[in-house]
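Engineer: Sequence and predicted structure, then a few things I'm wondering about:
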Amino acid sequence: MTEQQLREKLRKISALFEGATTAGERDAAAAAIARIRKALGTTAKTEASVEVQFTMPDRWQRRLFTALCRRYGLEPYRYKRQRHTTVMLRVPRTFLDRTLWPEYAALRQALDAYLNEATERIIREEVFGDDEEARERAG
């Protein structure tokens, strides 16, 4: 997968969660995000936000998750002395369960596949052709 293919796949995943189904609707992605933010605002008025703690040991997962939160006007944070692997978020539970987390999971899966493929290719081409895992031996 090339970087351009990954970008297109990420746009398609985002478009799916924003309700866009055609290339023309992709141009209206800002309006879709605004609709989601409005829905989040409405949900926040009728449903109390809950504080949720996420543990994401991979920096790419944290960056993706925090960027997605900020895209919807949410502010991820950490308390003093919490590990860098911790991300806290105050969000209505239904928005988290129906929109934010499913979109994050789909985007993470696409990004993980791309990063894994790129890493394996670079190791194979620049370090050594055999990039298999270490063999297991009896004790």
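Structural biologist: Here it is on my side, so go on.
Engineer: CA only for contacts and neighbour counts going forward, please
Structural biologist: Noted.
Engineer: A helix includes residue 52, no?
Structural biologist: No - assessed with DSSP: H, G, I helix; E, B strand; the rest coil, residue 52 is strand; it does not lie in a helix.
Engineer: Assign a three-state SS to residue 91, would you?
Structural biologist: Classification of residue 91 by three-state DSSP places it in strand.
Engineer: how many other residues sit next to the residue nearest to it when sequence neighbours are not counted?
Structural biologist: Nearest residue to residue 91 in three dimensions, chain neighbours excluded: residue 49, at 4.6 Å (CA to CA, 6 or more residues apart in numbering). Residues lying near residue 49 (other CA atoms under 10 Å) number 17.
Engineer: how much space between residue 49 and residue 41?
Structural biologist: According to CA to CA, to the nearest Å, residue 49 and residue 41 sit 11 Å apart.
Engineer: ok, now residue 79?
Structural biologist: 25 Å.
Engineer: Determine whether the claim that residue 87 is in a helix is correct.
Structural biologist: No - using three-state DSSP, the assignment for residue 87 is strand, not a helix.
Engineer: got the contact list for it?
Structural biologist: Residue 87 sits next to 53, 54, 55, 56, 62, 76, 77, 78 when contact means CA atoms under 8 Å, 6 or more residues apart in numbering.
Engineer: One more pass at 6 Å, please.
Structural biologist: Residue 87 makes contact with 53, 54, 77, 78 under the criterion CA atoms under 6 Å, 6 or more residues apart in numbering.
Engineer: Who is the third one paired with across the strands?
Structural biologist: Listed beta-bridge partners, residue 77: residue 88 (assigned using DSSP bridges).
Engineer: when you give positions from now on, start the count at 43
Structural biologist: Sounds good: first residue 43 from here, last item residue 119.
Engineer: what helix or strand is residue 121 on?
Structural biologist: Using DSSP states H and E, residue 121 falls within no helix or strand.
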